[in-house]
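Participant: dropping a prediction and its sequence here:
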Protein chains: 2
Amino acid sequence: MSDEGLSRRRLLGASGTAAVAGVVAGAVGGYAVSRGDDDAAAGAPSSTAAAALALDAAIPFRGEHQAGIITPAQDRLHFVALDVVTTDREQLRQLLEDWTRAAERMTAGAEAAPGGLVGGGPNRAPEDTGEAYGLPASGLTITIGYGPSLFDDRFGLASRRPAALQDLPAFTGDQLDPRRTGGDLCIQACANDPQVAVHAVRNLVRLGFGVVAVRWSQLGFGRTSSTSTAQATPRNLFGFKDGTANVKAEEAAGLAEHVWVAPDDESGGGAWMAGGSYLVARRIRMHIEIWDRTSLQEQEDVIGRDKKEGAPLGRSKEFDPLDFARKGPDGRPAIPVDAHVRLAHESNLGGIRILRRGYNFTDGSDGVGHLDAGLFFLAYMRHPGRQFVPMQRALAKADGLNEYIEHNGSAVFACPPGLKDGEHWGQALFA
Amino acid sequence: MSDEGLSRRRLLGASGTAAVAGVVAGAVGGYAVSRGDDDAAAGAPSSTAAAALALDAAIPFRGEHQAGIITPAQDRLHFVALDVVTTDREQLRQLLEDWTRAAERMTAGAEAAPGGLVGGGPNRAPEDTGEAYGLPASGLTITIGYGPSLFDDRFGLASRRPAALQDLPAFTGDQLDPRRTGGDLCIQACANDPQVAVHAVRNLVRLGFGVVAVRWSQLGFGRTSSTSTAQATPRNLFGFKDGTANVKAEEAAGLAEHVWVAPDDESGGGAWMAGGSYLVARRIRMHIEIWDRTSLQEQEDVIGRDKKEGAPLGRSKEFDPLDFARKGPDGRPAIPVDAHVRLAHESNLGGIRILRRGYNFTDGSDGVGHLDAGLFFLAYMRHPGRQFVPMQRALAKADGLNEYIEHNGSAVFACPPGLKDGEHWGQALFA
C-alpha cells in the first residue's frame, strides 16, 4: 500500500490501539472531564495523537442501549428513512437479522478484510461496495428505529405498538414536505468520516433491496450538540453554540429520567422498548440570508445567549445558569421573554429535557439562489408526547427564532434497546 | 472555554505550530515521499500528531498560482457557481477586491478573532456569520474562476477573453441539467472540515449580495483524487481507487506541460491568464444501485483495474505501468478494449493528461428512492479544448463505464494565476 502523508486516515489507522481502547472505554464509562476550564495542556502531542486516534476508533455495537444515542456525537451523519415495500413479515424479520450482522461488521471497521470486499468470488456482485475499504471504523454507529406506520396491519405488529409511538401532531408554522416526512424504519449512521457513514447506509439499503426502499435521506456535515461533557459545544449555522443544556452521557439520573424507556413505561405489547428511546427528527431549514442581515443584538436577543462565548445574556460563561429574573441596563429582562433559551428551558417546561443529537446540513441552493441549509434536529427522549410535543408547542407559539426558521421535514421512531451477544434487531419485536 | 475531548478541533488548534509549518512547507516545496512502500512506521505517535495537525493548518493564500489547485487535496468541498446580477462593472470589480480580502482572512483562520465575529458593533449585522468561530483554518483554500459568459458585453471584458475559454461542446450521452450548468464565476472552497468550507462560501456569497447570486452549488464529502505523491489514492463511490495516474504537485514538468497556462499560450487580451489554469467541472451521477448488482469481474473489466489494490489488470501493484498489450488467460486483452483506464490513458490520447481534483457527493435520494450520488469531477488543465474535450470525446464514445454514469452538470472556468502581496482578484483582468 502507498502511504498517505497529510491524510490521517491510514496514518492513524496503523497506529497503536492502547490509546483508542482507553478513550473508548472512557466514553462508555463516564469520562469525567471538568468543564469550564481552559485546559490548553490537552493540546500536547500525546493527547493530540490520542484524540485523533479516537476519531478512527471502533465503537462497540452491542450493549444495554443502542450505540449512537449517548455515544459522544460524531462529526458526520447519514440518516435515512425507509418504507417497507414487501408485505411478507418473514422477509422483514430476516432483513433486520441481516442488517444486524452487517452493522456489527461495519461498525467494527471489518469491511477492511479482503473477503468483505470481494464476497463469494469474481462472478458474484461484491458483498461490500468497497468505497470504505482501507478506512478505519471512524467511530461509526448505526442506530435503528421503527416508525408508527410499521405497526399498521401489514406485518401483524399492531399489538406490539408502544403507546408512546404516535405520529406527531401538527404544530403552528409547520411547512412539512411529505417527501421529507415519515417512514416505516430509520437508520442513523454517524461517523467521523462521511465516506464511512454514507457507505454504511448504502450497504444496508442494498441488503434491503426488494424489502425496503428509501423514502428520504439527510446528510449532516457537522454536529450541533454535544452529548458528553468531554465535548465542546459546537455551533449551528446561525453561528451560535447549540445544545449547551443538553442531557449528557455522564448524567445517569438525567438519562434515566429523560432518555431511556423504563421497564414499566410501556405496558403490554410495547414492553420490548424498555431500555430503548424515542427519536424525533425534524428538518429545520434556516433562512440564512435573512439571519445574516440581522444585527448582532437582535441575533443574541432571539437566541438568549451571547454569540461569542455562548453565555446566557446577563452572565459571562457558557455554563452559567440562566437567570430569567435578571434585568438588563434598560430595565427589561436580560433574556427577552421570547428568547429561544427561555422558552426551551426546563424551568419553563415543567422540567422537560431531551437529548439532542442534531447536525448542520446544506443541500445546495434553492431555485432563487438561497442556501438550502439548516439544522437536522435529532433528539432522543423517553416519551415524545410528554417531552418534544409540549416543548415544540411552546416554541412554535412564541419563539422569536420562528421568523428565521421553517420546519419542513418530520418523523418519529421507536429505537429499541441495545443487543446482547447473539441477539439481533427485530428479535424482541417479532417474538 | 470548555475542552473538547474526542474532537480534534480544539485540541489540535491549541497545539504547537512547528509541525504544521514543516508539513505545509513540505507540501509546497515537494514533500518527497516514496510510494509503493508500506510505511507503517509513519503511524508512530509523533507522525500521527503532525499529520493530524496538518489537517488544521493554514495554507498560504498568495503565491505564483492560486491555492486549491496543486495543494494536496483536502477532504471536503463546497463549490458554487454564481451569476453576476448587476451590470455595473465597478461593482463587480469592487466585489472581487472585497472577496480577496475576505478570502485571505478566512484561509488564515482569522475569523477566529473576536473582531471578525462581531463586526462594527451590536447594532450592525456581524461581519462574519460565526459558525466557524473557534475552528482552525483546516487547510482552507479558496479558488476563483471566471466563466465564458463573464466575457460577454456586459462588463466590457469581451476583448480580455482568453481564446481557450470556450463553452464545452455537447458530448454523446450528456444529460445536462441547466440548473447545474454554467456560471459567470465560480468559487471552489476546499477544507478538511466541511463547516469551514461551507462557512467560506456563505460569507463570500453574503459579501456579494446585490452583485452576484448563486446559480448552483455542490458539496463534496470525500476527495476522489490525490494531487500529491504524499497522498494515498482515495476511492470513489464505485469502490475503486480513482486518480492513480493524476498529474501530481511534485511533477514540475508535468504541471508546466499540462496544468499551468504558459506566458505565450494566450496572446493579446488573454495574457492575464499566464500562470493560471482552466477548470472543467462535471457533475457525474453514478447509478449506484445498478453498479452494486454487477459482478466483481464486470466491475474490474469496466474500470481496467482490480478493486482491492487498484493495480492495472494483469499487474499486481497500483502504480505498475499499464500494459495494454498483455493478454489474459483467455487470450483476450487483460485490460479490455473499452476499459476506462485504457481510453483515458495518455498513451491513447496523444499524451494528454489533466490534474483531477474531484469529490464524491451524495445529495440525498431521487424520487424513486435511489441515491443521488456520484463524482463531482473537477479537473485543472492548460487548455480544455486540447485536453478535456478530446479525452471526453473518446470516453463518451466507447467507455464501458457510460452504462453506469450520467453527466448532468457541466461548466468551465478560467482560474487566474496567484496573487502577489498587495494584489487582488480581478486586478489584471480589469486593468
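Facilitator: That came in fine, so what should we check first?

Participant: distance of A:Arg282 relative to A:Asp372?
Facilitator: 15 Å (CB to CB, to the nearest Å). (Each C-beta comes from the backbone N, C-alpha and C, glycine too.)

Participant: who has more neighbours, those two?
Facilitator: Between A:Arg282 and A:Asp372, A:Arg282 has the larger neighbour count (other CB atoms under 10 Å in any protein chain shown), namely 25 against 16.

Participant: how far away is the more buried one from A:Gly331?
Facilitator: Distance from A:Arg282 to A:Gly331, by CB to CB: 36 Å.

Participant: kindly report the same for A:Val261.
Facilitator: A:Val261 is 46 Å from A:Gly331, by CB to CB.

Participant: quick one, the helix or strand harbouring A:Leu219 and strand B:212-220 angle?
Facilitator: Using DSSP states H and E, A:Leu219 sits in strand A:212-220. Strand A:212-220 and strand B:212-220 are oriented at 120 degrees to each other (axes from the mean of the first three to the mean of the last three CA atoms, to 10 degrees).

Participant: run through the strands of the stretch 251-400 of chain A in chain order.
Facilitator: A:277-286, A:355-356, A:359-365, A:371-381 (DSSP state E, counting those that start in this stretch).

Participant: closest one to chain B among the ones you listed?
Facilitator: Closest to chain B of those, according to CB to the nearest CB: strand A:359-365, at 4.5 Å.

Participant: could you find the closest non-adjacent residue to the residue nearest to the spatial centre of chain A?
Facilitator: Geometric centre of chain A, nearest residue: A:Arg357, 3.7 Å, by CA atoms, centre = their mean. Leaving aside its chain neighbours, A:Arg357 sits nearest to A:Leu378 (4.7 Å; criterion: CB to CB, 6 or more residues apart in numbering or on different chains).

Participant: which residues in chain A form helices?
Facilitator: A:8-13, A:18-29, A:45-56, A:89-107, A:114-118, A:194-207, A:252-258, A:288-291, A:296-303, A:340-343, A:388-398 (DSSP state H).

Participant: now do the last one against strand A:371-381, angle only.
Facilitator: I take that to be helix A:388-398. 140 degrees.

Participant: just the longest one next, same as before
Facilitator: Between the direction of helix A:89-107 and that of strand A:371-381, the angle (the same axes, to 10 degrees) works out to 100 degrees.

Participant: ok now helix A:89-107, how far from the chain's centre?
Facilitator: Centroid separation for helix A:89-107 versus its chain: 21 Å, with CA atoms, centre = their mean, to the nearest Å.

Participant: ok, now stretch A:97-114?
Facilitator: Taking mean C-alpha positions (CA atoms, centre = their mean), stretch A:97-114 and its chain are 20 Å apart.

Participant: got it, and stretch A:63-72?
Facilitator: 11 Å.

Participant: same question for stretch A:357-368.
Facilitator: On CA atoms, centre = their mean, the centre of stretch A:357-368 falls 16 Å from the chain's centre.

Participant: just the CA trace of that stretch, in CSV.
Facilitator: In CSV, the C-alpha atoms belonging to stretch A:357-368 read as follows (Å, rounded to 0.1, in the frame of the first residue of the first chain):
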residue,chain,number,x,y,z
ARG,A,357,-28.0,14.9,18.6
GLY,A,358,-28.6,17.1,15.6
TYR,A,359,-26.4,18.1,12.6
ASN,A,360,-25.9,21.1,10.4
PHE,A,361,-26.8,20.4,6.8
THR,A,362,-26.6,22.2,3.4
ASP,A,363,-28.3,20.7,0.4
GLY,A,364,-27.1,23.1,-2.2
SER,A,365,-29.2,26.1,-3.2
ASP,A,366,-32.9,26.5,-3.8
GLY,A,367,-34.4,27.9,-7.0
VAL,A,368,-33.7,31.5,-6.1
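
Participant: pLDDT of that stretch, averaged?
Facilitator: Mean per-residue pLDDT for stretch A:357-368: 90.

Participant: also stretch A:127-147?
Facilitator: Here the average pLDDT along stretch A:127-147 is 93.

Participant: low-confidence stretches in chain A?
Facilitator: A:1-53, A:111-123 (pLDDT under 70).

Participant: apply 50 and report the result again.
Facilitator: Applying pLDDT under 50 to chain A flags residues A:1-46, A:112-120.

Participant: contact partners for the residue nearest to A:Arg357?
Facilitator: Applying CB atoms under 8 Å, 6 or more residues apart in numbering or on different chains to A:Leu378 gives the contacts A:77, A:79, A:188, A:279-281, A:356-359.

Participant: between A:Val261 and A:Gly331, which has more neighbouring residues?
Facilitator: It is A:Val261, of A:Val261 and A:Gly331, that has more neighbours when counted by other CB under 10 Å, with 26 against 6.

Participant: for the more buried one, what are phi and psi?
Facilitator: Main-chain dihedrals, A:Val261, degrees, to the nearest 10: phi -70, psi 130.

Participant: list the residues that contact it.
Facilitator: A:162, A:164, A:273-278, A:382-383, A:417.

Participant: closest to chain B among these?
Facilitator: Out of these, the member with the shortest distance to chain B (by CB to the nearest CB) is A:Ser277, at 21.2 Å.

Participant: burial count for that closest one?
Facilitator: Neighbours of A:Ser277 (other CB under 10 Å): 28.

Participant: may I have the beta-bridge partners of it?
Facilitator: A:Cys415 (DSSP bridges).

Participant: how close does it sit to A:Cys415?
Facilitator: In this structure, A:Ser277 and A:Cys415 are 5 Å apart, going by CB to CB.

Participant: mind listing the shared neighbours of these two?
Facilitator: Contact with both A:Ser277 and A:Cys415 is made by residues A:66, A:69, A:380, according to CB under 8 Å, 6+ apart.

Participant: what parts of the stretch 151-300 of chain A come near chain B?
Facilitator: Neighbours of chain B within the stretch 151-300 of chain A, by CB under 8 Å from any CB of the partner chain: A:179, A:193-195, A:198, A:202, A:205-206, A:209, A:213-219, A:221-222, A:228, A:230-233, A:235-240, A:288-289, A:291-297, A:299-300.

Participant: which ones are touching the residue in the stretch 301-431 of chain A positioned nearest to chain B?
Facilitator: Residue nearest to chain B within the stretch 301-431 of chain A: A:Gly369 (3.9 Å; CB to the nearest CB). Counting by CB under 8 Å, 6+ apart, A:Gly369 touches B:213-215.

Participant: so which of those residues also contact chain A?
Facilitator: Answer for the contacts of A:Gly369 near chain A (CB under 8 Å from any CB): B:213-215.

Participant: reformat these as CSV; add neighbour count and distance to B:Asp421.
Facilitator: As requested, the ones next to chain A among the contacts of A:Gly369 are exported to CSV (neighbours: other CB atoms under 10 Å in any protein chain shown; distance: CB to CB, whole Å):
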residue, neighbour count, distance to B:Asp421
B:Ala213, 18, 32
B:Val214, 23, 31
B:Arg215, 23, 32
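
Participant: could you dump the residues you listed into a markdown table with distance to B:Gly145 added?
Facilitator: Listed next are the ones next to chain A among the contacts of A:Gly369 as a markdown table, based on distance: CB to CB, whole Å:
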| residue | distance to B:Gly145 |
| --- | --- |
| B:Ala213 | 17 |
| B:Val214 | 15 |
| B:Arg215 | 13 |
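
Participant: would you confirm that A:Pro136 contacts A:Gly109?
Facilitator: Yes - counting by CB atoms under 8 Å, A:Pro136 does reach A:Gly109; the two are 5.5 Å apart.

Participant: good, wrapping up.
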